[in-house]
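1. Structure, please.
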Amino acid sequence: MAQDFVDEAVIEAAAGDGGHGCVSFRREKFVPRGGPDGGDGGRGGDVVLRADRNLATLRDQRYQREVRAGSGEPGSGSGRTGADGADVSVRVPVGTLVFDADAPEGAPPLADLAADGQAFVAARGGRGGFGNARFATPTRQAPDFAKPGLPGQRVRLRLSLKLLADVGLVGLPNAGKSTLLARISAARPRVAPYPFTTLVPNLGVAEVGERRFVVADIPGLIEGASEGAGLGDRFLRHVERTRLLVHLLDVGGAALSGGDPLADYETVRAELAAYGAGLDARPELVALTKIDLLADRAPAEEVAAALRARAREVHLVSGATGEGVAGLLAAMARALERAEGR
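-> Numbers count the residues shown, from 1 in each chain. Next up, the predicted model:
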């Protein structure tokens, strides 16, 4: 559900403090002049972020904003070192970027957790203090002092999720992206005949022969999306990691409403260029959608011819009936192979 998808969160990570060293002297029967035997304090626990492929949202971090690791135990007599504090592992989705929340805008991430199981130590625990046994020397045989444990790190972190997908579906609202995703995968995004039905990104796995690849459907873009209109800047980041874009143009709806698919194409291309991250240079296929609504295919063929004249590969498809979808899927697989240099 839309309210369950969270792709931004700020948390405070507090590592554990080191335990204090102990001041103690050996006291045993028949050993009247026992020396110092105070043990060291234990190390404070770390806060570790770990990527987990079973998670798809930062919802838990949005509502649990403070994470604390355990502090080390103090040392004790007979040279015993205190127990180390417990580490805390925070699971985040694969594709999470970790930023210093207090760094200037535009600062690079501290970590990019792009692989399952990848870990990043966000805050390190403090070192335990030395006990007085550490300070005994030939000229100072009875030190009556020890060192306190060091404090653990405390940091504010901004977590930003960028979905990991091979193919990104882009287009204006109500261009048929969710319908296509439901047709080519087992994903079941919400589909309805009005704009902005999709409010959060959806992922699906498509198969062509023995090849499988992940397809991301992001909410429709509007003019000004690269500057945040309609939250477009947040949605576009979810296709930054893709190797292929499929640009959907609603030719069926345009024929009924008098719209201009070529103008729609230029609107989205302009937003991709304005956003940056190389999206406008990404390999692209164009899908002319909802052709099942056309009694006359001539207008769609004219749009296709105009785009092919710009060296674009164009497919006429209907997500509702499945017409042309197999050819589009095969083209996606070929484009991904080219992108991989196969």
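2. Convert stretch 153-168 to PDB, retaining C-alpha atoms only.
-> Extracted in PDB, the C-alpha atoms of stretch 153-168 (Å, rounded to 0.1, in the frame of the first residue of the first chain):
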ATOM      1  CA  GLN A 153      30.100   7.700  18.300                       C
ATOM      2  CA  ARG A 154      26.700   9.400  17.900                       C
ATOM      3  CA  VAL A 155      25.600  10.400  14.400                       C
ATOM      4  CA  ARG A 156      22.500  11.500  12.500                       C
ATOM      5  CA  LEU A 157      22.100   9.600   9.300                       C
ATOM      6  CA  ARG A 158      19.800  10.200   6.400                       C
ATOM      7  CA  LEU A 159      18.700   7.100   4.600                       C
ATOM      8  CA  SER A 160      17.600   7.300   1.000                       C
ATOM      9  CA  LEU A 161      16.300   4.300  -0.900                       C
ATOM     10  CA  LYS A 162      17.000   3.900  -4.700                       C
ATOM     11  CA  LEU A 163      15.300   0.900  -6.100                       C
ATOM     12  CA  LEU A 164      17.500  -1.600  -7.900                       C
ATOM     13  CA  ALA A 165      15.900  -2.500 -11.300                       C
ATOM     14  CA  ASP A 166      17.100  -3.300 -14.800                       C
ATOM     15  CA  VAL A 167      14.400  -1.500 -16.700                       C
ATOM     16  CA  GLY A 168      12.500   1.700 -15.700                       C
END
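3. tell me which residues of it are tucked away?
-> Going by neighbour count (16 or more other Cβ atoms under 10 Å), the buried part of stretch 153-168 is 153, 155, 157-168. C-betas here are computed from N, CA, C, even on glycine.
4. Identify those among the residues you listed that sit within strands.
-> 155, 157, 158, 159, 160, 161, 167, 168 (DSSP state E).
5. Show me which of those is closest to residue 69.
-> For those, the closest approach to residue 69 (Cβ to Cβ) belongs to residue 155, at 12.1 Å.
6. Strands along this protein, start to end?
-> Ranges of strands in the chain, per DSSP E, are 8-14, 47-52, 66-68, 88-93, 96-100, 111-113, 119-123, 154-161, 167-171, 202-208, 211-217, 244-250, 284-289, 313-316.
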